[in-house]
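Undergrad: starting from these lines, generate the structure:
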Amino acid sequence: PLWQARHHHGSGAEAGGRRLVKTCLLQAECLVSQLLPESAWNAWKESGSHGQVALADYTSRQFVAASDEALSADVEGNTSWSVGLEPLELLSSSSKQISRRRRHKRASAKPVPPPYILERSDVCCSSPETIRIVARVLVFRNGQTIMSDEGNNHVVESNEIKNAIDAQIRQILSSWSNDCFNIANAMNYVATSVLQHNLRQELQSETGLNAVAFVANAAILPRKSGASQAPMASPPAVPFLAPEGSEMTHTVRIPLSQLLVPFLKSKMVDMHQQDAADSVVLSGLLVPRGVSLIVGGGYHGKSTLLRAVAAGVYNKIPGDGREFCVTVSQALNIRAEDGRYVNNCNVSGFIGNLPAPPPTNGHIPRAPDTKHFSTGEASGSTSQAANVIEALEMKTTAFLVDEDVGAANFLARDGRMRALVMDESITPLLYRVNGLYQTHGVSSIVVVGGVGDWLDVPHHVILMEKYSCFDATAKARSVSKQFSHGHVQYAGRGVVHRLEWDQDEYTPIPRRPSDETAKALDRDTTALGLMEGGTGLAFHQIHSDDSSNSSESDVDGEDDRYIDMSRCEQLLGKKPQLYGCGLAALWILKACRENPGLGLSDLLDRLDREIDQNGLLSVLAPDDSATQHELIEHLGFMYRPRRLEVGQAICRLRGILFEELPIQVNEAKIKARAEEERKKREMMEIWNARRKKG
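TA: Residues are numbered from 1 along each chain as shown. Next comes the predicted model:
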């Protein structure tokens, strides 16, 4: 392969007195047609953008996994100098001053990338036919007395040495491509990723499967440990098998280019039914739209199945074990986050009649307005209610709920507690899931192990027993009928557990970040940093008179601008994806000032379109910008976040103020509602009159 290398000379020498005398950034590009043979090249051309992301992901993994020897060499014709390449994924504060000897020892400590195929900033397809790698160039002086920084820099900048170094970089990349780039493995990555995308499209299509998730037979769902994303060995792991004879068990045919099919290698593909050249047959569990429960005893695999479904919003690498556990792209985990920040959120569908604080100094405060609810310290129930409403606002199509991390009083409330506590402010999610599905088409998958009232609401019930899957829908309906919950009325508002969702009253009004917030966090004057532990973000102003402190964040006060994302469980790309969320949030705040008529959901859609059209790096961290330099300094690279995680980050930004967008008033609905209220009053007067006569 012929790599075209362009690197920035002038970045300055490092570590005076060491053998490492200069570093700079490299951009190297190669035509994919030179990396792949003709059959693979023709197949890859039909893979689209998801094939491009998959090839870039495979390339980055091979580049990171390459030994230091494979990415370094003496400069040909001038053994006084040597050059090495370092993937941006390996950059850290300690590596900036590292010597060549220490670099060789670091090979065993290389990070393990997550098993998800994510768009990234350092390795990408810069065009439909070109792949680009951004790396760090390390220039060393061999076996001679080290001159001063200025002296070394002068020698490196000489044309003779520059040309020799450029030629050696191209030679290193060509040798690495020939030795480490396995064509069969690369195309398996591409075929596997494209098939997952096509399956997801079929799930989301009303004319296709029209379902929420698919879990393939033979999938390995459990992970090696709680600290690892690698699959558990089998045995002891039990391969997944859909329940025999269940209406949820399906064999599905997924379209795939006939040029890509030969490159696909997976135990989950049913080769006995491969009777067409342009499709792939998979068998497994199809979770339909609607309300589905996952039930079972403790430690039988309920949460493991839900986590596999949650991870199904991303494409996975071959060998992950969950490659064909695929979920609709807009599915979102909904859990309690006590202590989170909430601003101007309509939670009245779940929370109402909150008590007013006690009077102080003669002042009688008002009760909180749950249609415009704000707090800096949400409780478990109010935080989970806000999470549901914000998810609706961002056009989520499926809620993923695990009772283990939910607020108990938000998820359910039984008859005995209703009888004892009459003045309850919370309408549980249990009573609302059917109304949400009927009104908004939002499905729910709920893990339940301790509250039987949930058996009154589902369309389907999945039972996990000893890590095996069974269809318990019929039995659950029998149990529900036996306990007779279905006929109980709830405060005159309908059958308990199946309350209607009043779209006019409860559905969130579109919101946008206020101009005040957007101005305070201007993209050009705001720097982004990771909080300690890598689970949060902090924003701070860049002061021109003290730029040396730009990496420090003051997060002492309640209104300081930081974001806690520690409980956003689908942020599976870890720190690089979290950092991408922060840069995307800054982009959204700038875009909302330029587009005052767009709400948060529309702004998130616009961000996705911009990245699709122009690329991740050019949208969030343009070339030679301060943002790009900070990105490389902090992490080296970033992953593309989902639009839902970007929305979560913005909603959790402490100090943000949301304002509601004006909505069109439906005069016919207002008149119909007034007429309905009038009839209710008349009926009430008739009943009161009859009682007086009696």
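Undergrad: K267: neighbour count?
TA: K267 has 14 neighbours, counted by other C-beta atoms under 10 Å. From N, CA and C alone the C-beta is placed, and that goes for glycine too.
Undergrad: which residue is the nearest non-sequential neighbour of it?
TA: Closest residue to K267 apart from its sequence neighbours, by C-beta to C-beta, 6 or more residues apart in numbering: A218 at 5.2 Å.
Undergrad: what about the one you found, how many residues nearby?
TA: Residues lying near A218 (other C-beta under 10 Å) number 18.
Undergrad: and for H300?
TA: 17.
Undergrad: also I131?
TA: 22.
Undergrad: who are the packing partners of the strand or helix carrying it?
TA: Per DSSP states H and E, I131 falls inside strand 130-141. Packing contacts for strand 130-141, counted by 3 or more C-beta pairs under 8 Å, 6 or more residues apart in numbering; DSSP states H and E, involve strand 20-31, helix 32-35, helix 48-65, strand 81-87, helix 100-105, strand 123-127, helix 159-180.
Undergrad: which of the ones you listed sits closest to P231?
TA: P231 lies closest, by C-beta to C-beta, to one member of the helices and strands packed on strand 130-141: helix 48-65, at 16.4 Å.
Undergrad: let me know the next secondary structure element after the closest one.
TA: Defined by DSSP H and E, the subsequent element after helix 48-65 is strand 72-74.
Undergrad: that following strand packs against which elements?
TA: Under the contact criterion of 3+ C-beta pairs under 8 Å, 6+ apart, strand 72-74 touches strand 81-87, helix 159-180.
Undergrad: format the helices and strands packed on strand 130-141 as a markdown table; extra columns: distance to V291, mean pLDDT and mean neighbour count.
TA: Listed next are the helices and strands packed on strand 130-141 as a markdown table, based on distance: least, C-beta to C-beta, whole Å; pLDDT from 0 to 100; neighbours: other C-beta atoms under 10 Å:
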| stretch | distance to V291 | mean pLDDT | mean neighbour count |
| --- | --- | --- | --- |
| strand 20-31 | 50 | 83 | 20 |
| helix 32-35 | 45 | 92 | 18 |
| helix 48-65 | 31 | 95 | 22 |
| strand 81-87 | 45 | 87 | 23 |
| helix 100-105 | 55 | 42 | 13 |
| strand 123-127 | 40 | 91 | 20 |
| helix 159-180 | 48 | 87 | 16 |
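Undergrad: okay, these in a markdown table with distance to A242 next?
TA: Shown next, in a markdown table, are the helices and strands packed on strand 130-141 (distance: least, C-beta to C-beta, whole Å):
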| stretch | distance to A242 |
| --- | --- |
| strand 20-31 | 43 |
| helix 32-35 | 38 |
| helix 48-65 | 26 |
| strand 81-87 | 40 |
| helix 100-105 | 48 |
| strand 123-127 | 36 |
| helix 159-180 | 38 |
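Undergrad: for these, which one sits closest to D524?
TA: Of these, nearest to D524 by C-beta to C-beta is strand 20-31, at 22.1 Å.
Undergrad: let's see that closest one as PDB, backbone CA atoms only.
TA: The C-alpha coordinates for strand 20-31 follow below in PDB (Å, rounded to 0.1, in the frame of the first residue of the first chain):
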ATOM      1  CA  LEU A  20      13.500  11.700  22.300                       C
ATOM      2  CA  VAL A  21      14.200  15.000  20.500                       C
ATOM      3  CA  LYS A  22      11.000  15.800  18.600                       C
ATOM      4  CA  THR A  23       7.400  14.900  18.300                       C
ATOM      5  CA  CYS A  24       4.700  16.000  15.900                       C
ATOM      6  CA  LEU A  25       1.300  14.900  14.600                       C
ATOM      7  CA  LEU A  26       1.000  12.700  11.500                       C
ATOM      8  CA  GLN A  27      -1.900  12.400   9.100                       C
ATOM      9  CA  ALA A  28      -1.400   9.400   6.800                       C
ATOM     10  CA  GLU A  29      -3.800   8.400   4.100                       C
ATOM     11  CA  CYS A  30      -4.100   5.400   1.900                       C
ATOM     12  CA  LEU A  31      -6.600   4.300  -0.800                       C
END
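Undergrad: sweet, I'm off.
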